[in-house]
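Engineer: Kindly generate the corresponding structure for this input.
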Amino acid sequence: MGTDAADRADHWGKSSFDDIYDRPDPRAYFTRLAPLRYQIPHHAQPVFRALLADRARAHPGGPVTMVDLCCSYGINAALVNHDLTLRELYEHYTSPRTAELSLDELIAVDKEFYAGRRRADAVPVVGVDASPRAVGYAAAVGLLDTAFAANLETVPAGAALTEALAPAGLITVTGGLSYIGPRTFDTVLAPSGGRAWVAAFVVRPVDFRPVAAVLGRYGLVTRPSGAPHRQRRFTDPDERRRTLESLAAAGLDPAGREAEGYYHAVLHEARPPEDWDPSLSG
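Structural biologist: As a prediction, the model looks like this:
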């Protein structure tokens, strides 16, 4: 996570979870987030599947490559490409049986676990995350077709990543807008020439307008979509207080949302104007 991104998160008081993204496997991730009812990948699962189908109808010619930003351990890839629910992933990674496995044993188990649940309509997934361990695990168990440990807020994309991004059809992110911003999206969109669609779940204290401005430079039209979704519980009263203060400063009403103890995220979709055709959906 770059300094600018860290400053954005600190500005509205988000608790740090850096420690669970630097483990060799996702057991700590699920164990830490389960009590907080982290759920945004659950809400994203049907949205991303529907958008992949819409993108394929709008631009026929093979499977749509999905680029998942801040992909961590490949959770979105697991849910999009496999007959699995987020609840099942929580149960799998927090079970006593899984806790006893060595890393090598867990990787072997997970290769079989995911292979047996692979969907016929699975799409290629390129994963990008600042944590080498997280993307390394996701690649090792087959969740990511191509994995890159890169902080695009601070470094440019190398030749291999640029090549992997070129066929992007859908760029996704769930909650990572706390840590990435316009610089990352500029880097990711450039190789595809603005042909990719974008689907970003943005926690409400985060201002998406600077990213939307970059998307606009590539000819993409951004629209918020639907009501906010619960992301997770606040970690403690201080995080809740800081977030409510940030929402008030931004002129956002927390009633029925953050006031109830949960972060909420809004889906923002971006497409070329000609692809905003109601006949594409459904």
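
Engineer: Which residues does stretch 138-147 contact?
Structural biologist: 71-74, 77-78, 81, 107, 110-111, 113-115, 124-127, 135-136, 164 (CB atoms under 8 Å, 6 or more residues apart in numbering). The way it works is simple: take the backbone N, C-alpha and C, and place the C-beta from them, glycine included.

Engineer: Need the CA coordinates for that stretch. PDB is fine.
Structural biologist: Extracted C-alpha coordinates of stretch 138-147, given in PDB (Å, rounded to 0.1, in the frame of the first residue of the first chain):
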ATOM      1  CA  ALA A 138      -4.100 -17.800  -5.000                       C
ATOM      2  CA  ALA A 139      -1.900 -18.800  -7.900                       C
ATOM      3  CA  ALA A 140      -0.600 -21.900  -6.300                       C
ATOM      4  CA  VAL A 141      -4.200 -23.300  -5.700                       C
ATOM      5  CA  GLY A 142      -5.400 -22.400  -9.200                       C
ATOM      6  CA  LEU A 143      -7.600 -19.400  -8.400                       C
ATOM      7  CA  LEU A 144      -5.600 -17.000 -10.500                       C
ATOM      8  CA  ASP A 145      -4.400 -17.600 -14.100                       C
ATOM      9  CA  THR A 146      -1.800 -14.900 -13.700                       C
ATOM     10  CA  ALA A 147      -0.800 -13.300 -10.500                       C
END
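
Engineer: avg pLDDT for it?
Structural biologist: Here stretch 138-147 scores 98 as its mean pLDDT.

Engineer: ok, now stretch 170-188?
Structural biologist: 93.

Engineer: Can you list the buried residues in that stretch?
Structural biologist: Along stretch 170-188, these residues count as buried under the neighbour rule (16 or more other CB atoms under 10 Å): 170-185, 187-188.

Engineer: Tell me the confidence at L280?
Structural biologist: 56.

Engineer: contacting residues for the closest residue to D253 other than its chain neighbours?
Structural biologist: Spatial nearest neighbour of D253, chain neighbours left out: L247 (7.6 Å); criterion: CB to CB, 6 or more residues apart in numbering. L247 sits next to R204, P205, D253, P254, E258 when contact means CB under 8 Å, 6+ apart.

Engineer: what's the distance between L247 and Q231?
Structural biologist: Between L247 and Q231 the distance, using CB to CB, to the nearest Å, works out to 14 Å.

Engineer: Equivalent analysis for P182, please.
Structural biologist: Distance from P182 to Q231, by CB to CB: 22 Å.

Engineer: With adjacent residues omitted, what lies nearest to L244?
Structural biologist: Sequence neighbours aside, P254 is the residue nearest to L244 in space, at 5.5 Å (criterion: CB to CB, 6+ apart).

Engineer: scratch that, H42
Structural biologist: Using CB to CB, 6+ apart, the closest residue to H42 is L86 (4.1 Å).

Engineer: Surely the one you found and I40 touch.
Structural biologist: No. L86 is beyond contact range of I40, at 9.1 Å (criterion: CB atoms under 8 Å).

Engineer: Who has more neighbours out of these two?
Structural biologist: Comparing L86 with I40 by other CB atoms under 10 Å, the one with more neighbours is I40, at 22 against 19.

Engineer: pLDDT value on the more buried one, please?
Structural biologist: With respect to pLDDT, I40 scores 96.

Engineer: any idea how far the longest strand seen in the chain is from the chain center?
Structural biologist: Longest strand of the chain, by residue count under DSSP state E: strand 221-233. Relative to its parent chain, strand 221-233 has a centroid offset of 13 Å by CA atoms, centre = their mean, to the nearest Å.

Engineer: who's in contact with it?
Structural biologist: 33, 35-40, 43, 175, 198, 201, 203-204, 208, 212, 215-216, 257, 261-273, 276.
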